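> Pasting a predicted model and its sequence here:
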2 protein chains.
Amino acid sequence: MIEAAGQEQSTLAERLRAGDRRALARAITLVENRAQGAPALLRELYPHTGAAAIYGFTGPPGAGKSTLIGALTKVRREAGRSVGVLSVDPSSPFTHGAVLGDRIRLSEHFLDPGVFIRSMANRGALGGLSEAALETTLLLDAAGCQEIFLETVGVGQAEIDIIDHADTVILVLMPGSGDSVQALKAGVMEIPDLIVVNKADHPLTDTLVREIRGVLALGSEQREDEWRVPIVKTVAAEGVGVQELQELLAAHREHIIERGLLEQRRRRNLRNEILALAAARIRRRLEASLAERADLGELLDAVVERRIDPACAAAQLLDEAPGG
Amino acid sequence: MIEAAGQEQSTLAERLRAGDRRALARAITLVENRAQGAPALLRELYPHTGAAAIYGFTGPPGAGKSTLIGALTKVRREAGRSVGVLSVDPSSPFTHGAVLGDRIRLSEHFLDPGVFIRSMANRGALGGLSEAALETTLLLDAAGCQEIFLETVGVGQAEIDIIDHADTVILVLMPGSGDSVQALKAGVMEIPDLIVVNKADHPLTDTLVREIRGVLALGSEQREDEWRVPIVKTVAAEGVGVQELQELLAAHREHIIERGLLEQRRRRNLRNEILALAAARIRRRLEASLAERADLGELLDAVVERRIDPACAAAQLLDEAPGG
């Protein structure tokens, strides 16, 4: 099928909004590759976003985030909801394109037209991955996914702002997650909206739950949203605790909608996203200038030889790079 | 004492270079507060930097990084070397201004004129903390610290680029660091130059060492620098293993100097620092514009109401903000 360039864009957006999976897959590839047509596509689709409920799952590799998302997907599908999954965790089985087999019970979802699963590896460029993740979330939303599950890896300092695209943040831990509990305790990691202790058939589960309770008790007075962070025990691979988790996710959503907090969160998140997008754009330009222009290469030489200090070099780079 | 403004700068730099601790403390406060005189001071001092050996310690909270640095400081002082310590770990006892007591054996160093200890809490602003840490490292270097120990918290994705200021990166773990090992295994955390298993009197030490060895065996062929990452067992609070660690740090330094890798690292680090400084500067300007200007506030409203998409808003912000 031959289409004119302009027409094709419009058609792609329309097909995507109609829930066409191939159109959605193609649109995501466009934004991932930062293709020429991507900005226009996003511009066209953006007014049709905002309806999806966005859940962000973070936690150390191996805690079972993918399995948990698979189990939740099953529950939501049974309730008739359409689901989008975006994994930006390089350690995730989604990312490795694995056919996940019976144990994880996700393979069935790959064939379900009501489920769309996509994963993203690190694109290297600072801010680039976050940008692509934000844009992909918008595409899933525009394509009619009613629930979007974001999977990101996080242990300690949640510098990755992908989780900031979520309305509800869930931290997934497992027995043995000592580092993450220490990070929570030390205030290095932000307290999420829900904490899941997965693989809860492990003998050390209750020890972990007690530790987490201790941490939550310390910080509970500071929480402005009047939400009591629940701890949910699950064995995701067997579906244990998943229904309870689903009910708590729904309860959190109700809580933030009722109090106007969802609107506040989204406003704050969008503000940060605009700033991050702008900063990433500038950084890309500067990086390109530094690589391409001989005079700016000499600037780096001067810094290496301790003739110009880094701050002066940064100022000079901003002055001299196009669009800097 | 009353000094003219210009003269004061020059005097402060001179006093700092002569190793005056009060001058160093004051200079750090200037860069932390982004005071007016800070850029000129750094410009003046930068040509006198580059001699210090910079070691970056990262790892989960509670692994004992501070205690280890304290013990290393003792060893280096006994060898007649001057030491600077900069902690940018919000969970560190340094950061809490603790008098660390006998157990940690650091309190003695607070009174030693050959040791300068400084800590920094998170400054909130994106990139701001890293900027202040870079600048403080330069100040310690210019003040004649021969060895600089940087302490940062890191578990998983090392998004914090403070560690990038170091010539040698040391990951400090303790028995129970399951999340960090998973992160190493999954390739989410970069392999450091040395791994310390601290609190090695714990019964699970050998299990952890075995796990780490397994991870290192996987990635060893990919290492371009021909350095075999050693695992060192320490009980820092009792000084056990510290001498061995010191010898391995020296061996790594020799290795990277001999092969010209130190120069390469520093060039790459400085390049990243220039880019980070430039991007942080731009981001601060944009943030200020978004907060102050009514028209840009309306831009955010338009995004929240799904009338303008985030990418367009970012572009508009870059076009319209002063210096954007």
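Looks like it came in fine.
> quick one: the residue nearest in space to the middle of chain A from chain B, how far?
The geometric centre of chain A, computed from its C-alpha atoms, lies nearest to A:Ile162 (CA atoms, centre = their mean), at 3.9 Å. Computed with CB to the nearest CB, to the nearest Å, the distance linking A:Ile162 and chain B is 11 Å. In short, each C-beta sits where N, CA and C put it, glycine included.
> pLDDT at that residue, what is it?
With respect to pLDDT, A:Ile162 scores 72.
> Would you mind measuring from it to A:Ser87?
When CB to CB, to the nearest Å is the yardstick, A:Ile162 and A:Ser87 sit 10 Å from each other.
> between the two, what contacts are shared?
A:Leu150 (CB atoms under 8 Å, 6 or more residues apart in numbering or on different chains).
> Give the buried residues for stretch A:41-48.
Buried residues in stretch A:41-48, counted by 16 or more other CB atoms under 10 Å in any protein chain shown: A:Leu41, A:Leu42, A:Glu44, A:Leu45, A:Tyr46, A:His48.
> out of the residues you listed, which touch chain B?
Checked against chain B using CB under 8 Å from any CB of the partner chain, the buried residues of stretch A:41-48 yield the following neighbours: A:Leu42, A:Tyr46, A:His48.
> Skipping its backbone neighbours, what lies nearest the last one in space?
Counting by CB to CB, 6 or more residues apart in numbering or on different chains, A:His48 lies nearest to A:Ala142, which is 4.8 Å off, once chain neighbours are set aside.
> Surely that neighbour touches A:Ala51?
No - using CB atoms under 8 Å, A:Ala142 is not in contact with A:Ala51; the gap is 9.0 Å.
> So for those two, which residue has more residues nearby?
Relative neighbour count places A:Ala142 above the other of A:Ala142 and A:Ala51, with 24 against 10, counting by other CB atoms under 10 Å in any protein chain shown.
> which residues are contacting the strand or helix carrying A:Leu248?
Counting by DSSP states H and E, the secondary-structure element that holds A:Leu248 is helix A:242-258. Surrounding helix A:242-258, the residues in contact under the criterion CB under 8 Å, 6+ apart are A:53, A:55, A:68, A:71-72, A:74-76, A:167-168, A:170, A:193-194, A:196, A:225, A:227, A:230, A:232, A:234, A:236, A:261-262, A:265.
> ok, of those, which come out buried?
With burial judged by 16+ other CB under 10 Å, the buried subset of the contacts of helix A:242-258 is A:53, A:55, A:68, A:71-72, A:74-76, A:167-168, A:170, A:193-194, A:196, A:227, A:230, A:232, A:234, A:236, A:261-262, A:265.
> circling back to that earlier point, quick check, distance from the helix holding A:Leu248 to the centre of its chain.
19 Å (CA atoms, centre = their mean, to the nearest Å).
> Equivalent analysis for stretch A:169-177, please.
Taking CA atoms, centre = their mean, one finds the center of stretch A:169-177 at 16 Å from the center of the full chain.
> now stretch A:300-307
For stretch A:300-307, the distance from its own C-alpha centre to the chain's C-alpha centre is 38 Å (CA atoms, centre = their mean).
> and that stretch, anywhere near chain B?
Yes - taking CB under 8 Å from any CB as the criterion, stretch A:300-307 and chain B are in contact, through A:Leu300, A:Val303, A:Val304, A:Arg306, A:Arg307.
> want to throw those residues into TSV with neighbour count?
Below are the residues of stretch A:300-307 next to chain B laid out as TSV (neighbours: other CB atoms under 10 Å in any protein chain shown):
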residue	neighbour count
A:Leu300	18
A:Val303	24
A:Val304	17
A:Arg306	14
A:Arg307	13
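> Could you tell me which of the contacts of helix A:242-258 belong to strands?
Where the contacts of helix A:242-258 overlap with strands, as defined by DSSP state E, the overlap consists of A:Ala53, A:Tyr55, A:Thr168, A:Ile170, A:Leu194, A:Val196, A:Val232.
> ok, now how distant is the first one from A:Leu72?
Counting by CB to CB, the gap from A:Ala53 to A:Leu72 is 12 Å.
> Run through chain A and note the low-pLDDT ranges.
Scanning chain A for pLDDT under 70 picks out A:1-10, A:90-91, A:95-108, A:110, A:121-128, A:154-161, A:219-222, A:322-324.
> who in the stretch 1-150 of chain A is up against chain B?
A:39, A:42-43, A:46-50, A:60-62, A:89-91, A:126, A:134-135, A:138.
> out of these, which are buried?
A:39, A:42, A:46, A:48-49, A:60-62, A:89-91, A:126, A:134-135, A:138.
> wait, which of those is closest to B:Ile28?
The closest of those to B:Ile28 turns out to be A:Leu126 (CB to CB; 26.9 Å).
> Quick one: name the residues of the stretch 151-300 of chain A near chain B.
For the stretch 151-300 of chain A, the residues in contact with chain B (CB under 8 Å from any CB) are A:153-157, A:159-160, A:176-180, A:182-183, A:185-188, A:263, A:266-267, A:270-271, A:273-275, A:277-279, A:281-283, A:286-287, A:290, A:299-300.
> Just the ones of these in strands?
In strands, defined here by DSSP E, there are no members of these.
> Just confirm A:Ile308 contacts A:Leu299, I think it does.
Yes - here A:Ile308 reaches A:Leu299: they are 6.9 Å apart, a contact under CB under 8 Å.
> Overlap of the contact sets of these two?
A shared contact of A:Ile308 and A:Leu299, defined by CB under 8 Å, 6+ apart, is any residue touching both; here these are A:Gln316.
> can you pull out the helices in the stretch 1-150 of chain A?
Read by DSSP state H, counting those that start in this stretch, the stretch 1-150 of chain A holds these helices, from start to end of the chain: A:5-17, A:21-32, A:38-45, A:65-78, A:101-104, A:107-110, A:128-142.
> hmm, who's touching the fourth one?
So the one you mean is helix A:65-78. Residues outside helix A:65-78 that contact it (CB under 8 Å, 6+ apart): A:57-59, A:83, A:85, A:87, A:89, A:92-94, A:100, A:104-106, A:108-109, A:112, A:114-115, A:147, A:149, A:151, A:172, A:196, A:198, A:234, A:236-237, A:239, A:242-243, A:245-246, A:249.
> before we move on, the earlier item: of the ones next to chain B among the buried residues of stretch A:41-48, which is the nearest to B:Ile212?
For B:Ile212, the nearest member of these is A:Leu42. The distance, counting by CB to CB, is 43.4 Å.
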